[in-house]
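K.L.:
Only the shape, not the letters, is given here:
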């Protein structure tokens, strides 16, 4: 086989599919989904339109694959970043992961931040941000508990942090100044210190400076069998992540239910204690009333006895007076008779 024959070698189905994906990716980044046509994709690949339809059924199929790959790439970088132990380092690395993705995959980021078309079938940039925010939410909830804040506010703060970082990334996509580590440091400066505690010269911690995260392997250099295996692995990983997310949500629901039950028991105990206190108070009041009645009866008996004694003394005095008068009246009669 001569050189010209080798140059005209037909691509395998897997190679043609990958070529169409890369061409579609570049066109979607430049013109968007609606601005890109099947004709342009076919012309750039130097094939006929039926070839595109044969592999993907149209530009919608290519777009769905591109979106899925970019979302998985970005999500993988952020997930790696959030594996750090300290909350500050997690925040630094998450910001740096997004900026690294923007720098290394500008076309992919441009596709993601456009208004996603329903043809993607795998979600939108907003849904990706929501997935990242759900991971950040778990980090914030733990921090809030340790610092005495309400962990129920963690989802709102997670959306704030991720949204701020994502919008900053969109701005940096075009300006590219300052360098990504400096941008990450300022992002963390605002989110960690707040406006009232801004550091005039922020820097990343030693645990983050110079960090370069490892993106998923580039499928363009992989053999078809390897790509299929990797796609299957990715699908399994997504399923596992969904299961883990569901388990976390179920665990949170169980914890909330347990807390509600504990609160209900505490309220019930408090009500019982209150009732017991009220019953005790009522019993003490009854006892006091009985004691007061007993004292009143005793006082009445004492008064009655004193009255009786007084009457008796009066009667005794009357009898004594009568006796004296009788004695005086009888004395002369005895003298005359003698």
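P.N.:
Right, received. Where do you want to start? The shown structure was predicted, so the numbers you read here are calculated from the model rather than taken from an experiment. Numbering: from 1, shown residues only.
K.L.:
Neighbours of residue 19, how many?
P.N.:
Neighbourhood size, residue 19 [other CB atoms under 10 Å]: 18. From N, CA and C alone the C-beta is placed, and that goes for glycine too.
K.L.:
Check residue 316 too.
P.N.:
With other CB under 10 Å as criterion, residue 316 counts 10.
K.L.:
Same check on residue 134?
P.N.:
Counted with other CB under 10 Å, residue 134 comes out at 16.
K.L.:
And the one 3 residues further on, by the same measure?
P.N.:
Other residues within reach of residue 137 by the criterion other CB under 10 Å amount to 21.
K.L.:
Surely residue 74 and residue 128 touch.
P.N.:
Yes - with contact defined as CB atoms under 8 Å, residue 74 reaches residue 128; the gap is 6.6 Å.
K.L.:
just for the stretch 101-250 of the chain, where's the confidence low?
P.N.:
115-124, 195-196, 198, 200, 215-243, 246 (pLDDT under 70).
K.L.:
can you give me the helices in it?
P.N.:
With DSSP state H, counting those that start in this stretch as the criterion, the stretch 101-250 of the chain has helices at 106-113, 125-147, 154-175, 180-188, 224-337.
K.L.:
List of residues touching the fourth one?
P.N.:
Looking back up the chat, that one is helix 180-188. 88, 91-92, 95-96, 99-100, 102-103, 164-165, 168, 172, 202-204, 208-210 (CB atoms under 8 Å, 6 or more residues apart in numbering).
K.L.:
ok, now the third one?
P.N.:
Applying CB under 8 Å, 6+ apart, the set of residues contacting helix 154-175 from outside is 91, 94-95, 98-99, 102, 106, 109-110, 113, 125, 129-130, 132-134, 136-138, 140-141, 144, 180, 183, 187, 190-191.
K.L.:
what about 7 Å?
P.N.:
When contacts are defined by CB atoms under 7 Å, 6 or more residues apart in numbering, helix 154-175 is touched by residues 95, 98-99, 102, 106, 109, 113, 129, 132-133, 136-137, 140-141, 144, 183, 187, 191.
K.L.:
now the residues you listed: which count as buried?
P.N.:
Neighbour-count burial within the contacts of helix 154-175 applies to 95, 98-99, 102, 109, 113, 129, 132-133, 136-137, 140-141, 144, 183, 187; the criterion is 16 or more other CB atoms under 10 Å.
K.L.:
quick one: the residue lying closest to residue 143 once chain neighbours are set aside from residue 156, how far?
P.N.:
Spatial nearest neighbour of residue 143, chain neighbours left out: residue 87 (5.2 Å); criterion: CB to CB, 6 or more residues apart in numbering. From residue 87 across to residue 156, the span is 17 Å (CB to CB, to the nearest Å).
K.L.:
quick one, which of these two is more surrounded?
P.N.:
Set residue 87 next to residue 156 and count neighbours by other CB under 10 Å: residue 87 wins out with 14 against 11.
K.L.:
That one touches residue 144, doesn't it?
P.N.:
No - Residue 87 is beyond contact range of residue 144, at 10.4 Å (criterion: CB atoms under 7 Å).
K.L.:
Would you list the phi and psi of the residue nearest to residue 143?
P.N.:
For residue 87, the backbone dihedrals (degrees, to the nearest 10) come out as phi -60, psi -40.
K.L.:
so who does residue 81 touch?
P.N.:
90, 93, 94, 96, 97, 213.
K.L.:
Give me the distance between the closest residue to residue 248 other than its chain neighbours and residue 257.
P.N.:
Of all residues not flanking residue 248 in the chain, residue 138 sits nearest, at 7.1 Å (CB to CB, 6+ apart). Using CB to CB, one obtains 19 Å as the distance from residue 138 to residue 257.
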